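Student: Mind looking at a prediction? Sequence and model below.
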Amino acid sequence: MKITSPTQFQSDTGPFDLIGDIHGCGSEAEALLEALGYQLLYTGPEGARSYDVTHPEGRKPVFLGDLVDRGPRSPDVLRLVMSMVRAGRAYAVMGNHDDKFRRWLDGQAVKITHGIEESIAQFAQEDAAFRLEVRDFLYQLPSHLILDEGLLVVAHAGLAEKFHGHFSGQERAFALFGDVAKHRDQHGLPIRLNWAADYSGKPTVVHGHVAEHTVREENDVYCLDTGCCFGGHLTAMRWPERDIVQTPALAAYFHSPRWA
C-alpha cells in the first residue's frame with residue numbers, strides 16, 4: 001500500500017514495539033521478536049523462510065529502517081518484515097541502506113560499499129520475482145510516520161520538528177541521513193550533527209542510524225541503533241511503556257572504524 005502522508009496512521013495508538021537497525025541480522029530479529037512476546041511460525045530453512053508472526057496482545061512492531069546489508073540474512077529479514085507490513089501487523093520506515101539497495105535492485109549505479117555487497121551476494125541466490133517484490137516493497141516505504149495521535153514520530157535517522165507531518169526532499173534527506181556536516185571525518189564518513197540537543201517538540205522522536213553501545217536519549221529523542229551488525233545488540237523500545245528489550249548479536253558481521 002502506498003503511504004501518501006506521514007499522518008496516514010496517526011490514529012493508531014498501538015501499543016508498539018520500536019525496533020532499531022536489523023542490518024540483515026535475521027536470527028537476532030527472530031530472537032528479539034520472541035523476547036517481545038511475538039509468536040513466530042515459519043517454514044523453510046534459513047535464507048528461504050516464510051513467516052507468520054502475531055502478538056497475543058495485538059502489539060505491532062515498527063521497524064526503524066536499515067533492514068538490509070552487513071548481516072548474513074537480509075532476504076529473510078525482508079520476508080519477515082514484508083509479511084508483517086502487508087498483513088497490517090507492522091509498520092516500517094525507509095533507511096538509507098534500504099534506499100540504496102532499492103536503487104541497486106532497480107538497476108541504478110551505486111557504490112558497492114558499506115555492506116551492500118553482502119546483500120548483493122545473498123540476493124544472487126534469489127529469483128527475479130522475489131527481487132522485484134522486494135524492490136516494489138522498498139519503493140513504498142515512507143521516510144517517516146506519525147503515530148499514537150501525534151505523540152510519536154519515527155524516522156530512520158530522526159527528524160527535526162519543522163519536518164514533522166510533511167513529505168519533501170529536505171525532509172527525506174534528514175529522515176534517511178540525519179543532520180550532517182558538509183565535510184567528512186578521517187575515515188571518509190559523514191560527520192553527524194547533534195540535532196537532538198536543540199529538540200523541543202511535543203512528540204517523542206525514535207530513530208536508529210547512529211550506532212551506539214547503549215540506547216541514547218536526549219530531549220525526548222531516542223536512538224535505538226545499538227550496533228547489532230557490529231557485534232552489539234538488537235534493541236527494541238516498547239511504546240508507550242518505554243521499556244527497553246535487547247538481544248545480543250550472535251557475531252560481529254561487519255567492521256566499522258566508528259565501533260570500538
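Tutor: Thanks, I have the structure now.
Student: so for stretch 40-48, what's the average pLDDT?
Tutor: For stretch 40-48, mean pLDDT is 89.
Student: Name the residue closest to the centre of the chain, please.
Tutor: With the centre of the chain defined as its mean C-alpha position, the nearest residue by CA atoms, centre = their mean is Gly65, 1.9 Å away.
Student: now the longest strand along the chain: how far from the chain's centre is it?
Tutor: Within the chain, and with DSSP state E defining each element, the longest strand by residue count is strand 233-239. Going by CA atoms, centre = their mean, to the nearest Å, the spacing between the C-alpha centre of strand 233-239 and its chain's C-alpha centre is 11 Å.
Student: hmm, who's touching it?
Tutor: Residues lying outside strand 233-239 but in contact with it, judged by CB atoms under 8 Å, 6 or more residues apart in numbering, are 14-20, 22, 25, 28-29, 31-32, 36, 59, 61-62, 148, 152, 206, 215, 222, 224-228, 243-249. All C-beta spots, glycine's among them, are computed from the backbone N, C-alpha and C.
Student: Which helix or strand lies directly C-terminal to it?
Tutor: Note on strand 233-239: by DSSP states H and E, the next helix or strand toward the C-terminus is strand 244-248.
Student: the inter-axis angle of that next one versus strand 233-239?
Tutor: When axes from the mean of the first three to the mean of the last three CA atoms, to 10 degrees is applied, the directions of strand 244-248 and strand 233-239 differ by 160 degrees.
Student: For strand 244-248, buried residues please.
Tutor: Within strand 244-248, the residues that count as buried by 16 or more other CB atoms under 10 Å are 244-247.
Student: Kindly report the same for stretch 33-53.
Tutor: 33, 36, 38, 42, 49, 51, 53.
Student: didn't the fifth one look like it was pressed against Thr43?
Tutor: Yes. Counting by CB atoms under 8 Å, Thr43 is a contact partner of Arg49 at 6.9 Å.
Student: what ranges do the helices span in this protein?
Tutor: Using DSSP state H, the helices of the chain run over 26-35, 74-86, 96-105, 116-123, 128-139, 169-177.
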